[in-house]
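**Q** Predicted model, plus sequence, below.
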Amino acid sequence: MASDVLDIRDPEELEVYGNQKQAGVQITSYIFEVCDSLINIGPCGNVSIGEPAFLSEEFNSTTDMDLELVTTAGYGKNGALCVLQRTMRPQIVTTFTLPGCSNMWTVKSGEDRHAFLILSQEDGTMVLQTGHEINEIDNTGFATHCPTVYAGNLGNNKFIVQVTSVAVRLLQGATQLQHVPMDLGSPIVHVSSADPYISLMTTDGQVITLMLREVRGSAKLVVSKSTLANNPPVSTICMYKDTSGLFTNKIPEEFVQVPQHVISETEPKSEVENEDDLLYGETDFKMPSLNPPQPKPKVYYNWWKKYLTPFKPTYWLFVVRSNSNLEIYSIPDFKLCFYVTNLCFGSKVLVDSLESVTLSSIFANEAQIQHDYQVLEILMVGLGNNGLRPVLLVRLERDLYIYEVFRFPRGYNGVFICSANPHWLFLTARGELRTHAMVIDGEVLSFAAFNNVNCPQGFLYFNRKSELRIGVLPTHLSYDAPWPVRKVPLRCTPHFVSYHLESKTYCLVTSLSEPSNRYYKFNGEDKELSIEDKGDRFPYPIQERFSVCLFSPVSWDVIPNTKIDLDEWEHVTCLKNVALAYEGTRSGLKGYIALGTNYNYGEDITSRGRILIFDIIEVVPEPGQPLTKNKFKEIYAKDQKGPVTALSQVKGFLVSAVGQKIYIWQLKDNDLIGVAFIDTQIYTHQILTIKSLLLIADVYKSIALLRFQEEYRTLSLVSRDFKPCEVYSVEYMIDNSSLGFLVSDKEKNLVLYMYQPEARESLGGQRLLRKADFHLGQAVNSFFKIKCKLGELGEDKKHFSGADRRYISMFATLDGGLGYIMPVPEKTYRRLLMLQNVLVSQGHTKVGKKTHTNPARSVIDGDLVWNFLHLSIAEKTEARCRKKIGTKIEELIDDLTDIQKLTNHF
């Protein structure tokens, strides 16, 4: 037998052993790189409310305090703090008071930065030059003796166009190039432009289009000869320049599939191999060819190139008439290409009605609906990269419809919406349309982009106080999320976070996990430390090492020299900012940071813990480190007889859960003196106090209500829930004089208990009554309550609805969700309950979810009833829907709007 495989000539042996080329195996290696990441704020283990560090001075005088949420998230190296803000808070550069301004525009003059700011007033126009300073200029080509209707740029920002009610001016810089009088019989009231076209609309519905024409370095505006019919009258217009290629009358041809490159692959054997045939041969054995045929090429096609091909811009004029019909004309031939009837109805899809037969309306009062829901304004804007996502915005008096253009099946840019409830509309880099409110300054009357040397990529707006504000958006927040969020990496596991109001810092408890070969065992008298050496390949248990530190909301980093490492084997079980009686130079209560710990030695050794009390003091900061002005000062740190599992305060006294007892302590001379105690159930993990009442949560035995009597120094049981319940978290629900106890349990339910001793089933007050429940579907580990926001609510509704003495109970879930539950008046509850029943029966739920199958008593599903706002006018005004609800649509919208305003915190 040949020693070299190349010398083998027997084809059967070649089949069995193979040749040298087939025997070689090449190991392929891969390199993985992160292309993108999505922000995740879950699981939200602990939540704290704090004050934003960089809030502009202009917003400090508001009625409601501006707050932000800080949550813990992640584990180990993925641990982080998430800073959440529900609304936008611009950073104000400066403010001017300019009364009487109705609108404003910023225009460029051949550069990327804005050169002029044009303010329209009742009796004239003010022109400001924007550079290093903002100054008013006179003796220019701008019309200043009458109000301005519109101002913008044409010719790639080289020219400026100003439109008044009777004329159009073309300028280059501050020099007038052309003046075009417009004698149309009625004044111009609305203008829309798309370079090089500009359309004008008069009060009687006439539409005139002008085009910028440049010949040999000179530019002029030419009036188009084509006009639109004036019957029915035009109510609003919008000019649009399309660069996406979606606005076309022709279906694009598919790209020719040309081979891009070829990869050879060995053709698989057609016949099935058998060992017996290989060893002994077969009768019809066929000699294999020594020159195998060439493999078939694997072809890759250039299908992706069609997405990189630029499209030729096209121009379109959107027209809405008084009967709410939408017409789309191609420019410059003014050919009607798309026609939609009853745009105000808010249909889910806008369908072309040019070639379709118009069916008789199902509404007898169609004309009345068109009158009540008139289209006031439309805007067609191309969002995304190179304007590839055209979006149509339709504004009614109380509604805003947003439509996206789509093809036949197969940095931030956006829109600012001026209103009493202003919003930013962003199309993010991932293609998600995000809306963020900006209610911190109230109603916004007008808005304009502003790019200046002192305010790059900023904006201008007028509020209801006639104050012109120049501002920018904070850059440290990510707006590609339901709420603007900032994620601060910690590289360790966060457990608790609490805001200290006096020092305006956060106290943070974290831990680092590391393998340990040491453990404690019980030797009959005391614990004994043992060290095991099992080798490098033995998986040692993970030991957590806890620490507490101060976190600055200015730099979002740990304040230097404030980190305190706890003892080995010591775990922090609770962290609380407590207000205790202060016997120093002043009387009253003082905020302290209290920690409860437990030494986890093992199940054979009795658990012990410590209570640690820290005061955050101010010291002289270190040179070059201004944040080091705050430090921890240890007030108390002593061992307890059992694990300290919960902490709180009541009337200036410290409340602690130690083992199966609850103690009340008095802080005096840096020591804790016992005042009262009571025996409890298995494991108390949370204590909440309000006045002299204590609500305690047990891991297995539900909740109990205690009362502390300071004059008698006694702690007594008032009432409790008799049924076992694995409680995750608790919170109070306050509605004027009514007090409820909100509980989240292991089964992902929210349950509301109340103390009603006059009720028969309460057994004389010994039993807490279950009044409401709701299956949330997510585990809630943290609650907090906050007073209803009254700043956006009218004065006539504050006391009528009792909102001034009502609190919202907000929660964070382990799935990364945020929500709230709020008490509502009886009439509001009845209306929303009927609406919820109608929406469930008509199937207006997501993915066919049946909400009524889950237990829900005396609780309205907010996500479900909010879908009512997303229905079209046709669905809202449906006859059977109105008969079932028995109330007006306006009343339902007012109820939902009031709830939105009352809960619009952060």
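**A** Yep, it's here. Remember, it's a predicted structure, so these values are computed and weren't measured experimentally.
**Q** Report the residue ranges of every domain in the protein.
**A** Per the record, the chain has its domains at 1-33+259-299, 91-248+309-356+364-472, 824-902, by automatic domain parsing.
**Q** And Asp480, which helix or strand is it part of?
**A** Under DSSP states H and E, no helix or strand contains Asp480.
**Q** follow-up on the earlier one: tabulate the domains of the chain in JSON lines, adding columns for mean neighbour count and distance to Leu763.
**A** For glycine as for every other residue, the C-beta is placed from the backbone atoms N, C-alpha and C. Formatted as JSON lines, those follow (neighbours: other Cβ atoms under 10 Å; distance: least, Cβ to Cβ, whole Å):
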{"stretch": "domain 1-33+259-299", "mean neighbour count": "9", "distance to Leu763": "63"}
{"stretch": "domain 91-248+309-356+364-472", "mean neighbour count": "17", "distance to Leu763": "48"}
{"stretch": "domain 824-902", "mean neighbour count": "15", "distance to Leu763": "21"}
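**Q** Could you list the low-confidence segments of this protein?
**A** 1-26, 61, 250-308, 356-365, 406-412, 583-587, 794-801, 843-856, 879-884 (pLDDT under 70).
**Q** Would you state the helices of the stretch 251-400 of the chain in chain order?
**A** Applying DSSP state H, counting those that start in this stretch to the stretch 251-400 of the chain gives helices spanning 275-280, 366-372.
**Q** Tell me which residues are up against the last one.
**A** Looking back up the chat, that one is helix 366-372. Asn323, Ser324, Asn342, Cys344, Phe345, Phe363, Ile873, Thr877 (Cβ atoms under 8 Å, 6 or more residues apart in numbering).
**Q** what comes up buried for stretch 638-651?
**A** For stretch 638-651, the neighbour count (16 or more other Cβ atoms under 10 Å) marks Gln640, Pro643, Val644, Thr645, Ala646, Leu647, Ser648, Gln649, Val650 as buried.
**Q** of all those residues, which two lie farthest apart?
**A** Pro643 and Val650 (20.9 Å; Cβ to Cβ).
**Q** List the contacts of the closest residue to Asn598 other than its chain neighbours.
**A** Excluding the flanking residues, the one nearest Asn598 by Cβ to Cβ, 6 or more residues apart in numbering is Pro643, at 3.7 Å. Residues counted as contacts of Pro643 (Cβ under 8 Å, 6+ apart) are Thr573, Gly596, Thr597, Asn598, Ser607, Arg608, Gly609, Val658, Gly659.
**Q** Ser503 versus Phe59, what's the distance?
**A** 22 Å (Cβ to Cβ, to the nearest Å).
**Q** neighbour count winner among the two?
**A** Taking neighbours as other Cβ atoms under 10 Å, Phe59 and Ser503 compare with Ser503 leading, 20 against 14.
**Q** quick check, that one in a helix?
**A** No: using DSSP: H, G, I helix; E, B strand; the rest coil, the assignment for Ser503 is coil, not a helix.
**Q** that older thread, closest to Val381 among the contacts of Pro643?
**A** Using Cβ to Cβ, the contacts of Pro643 come closest to Val381 at Thr573, 53.6 Å.
**Q** number of nearby residues for the residue nearest to Phe522 when sequence neighbours are not counted?
**A** Using Cβ to Cβ, 6+ apart and skipping the chain neighbours, the partner closest in space to Phe522 is Asp604 (4.3 Å). Other residues lying near Asp604 total 10 when counted by other Cβ under 10 Å.
**Q** Tell me the secondary structure at Asp604.
**A** Assignment for Asp604 (three-state DSSP): coil.
**Q** looking at it, it is touching Lys521, isn't it?
**A** Yes: contact between Asp604 and Lys521 holds when scored by Cβ atoms under 8 Å: they sit 6.7 Å apart.
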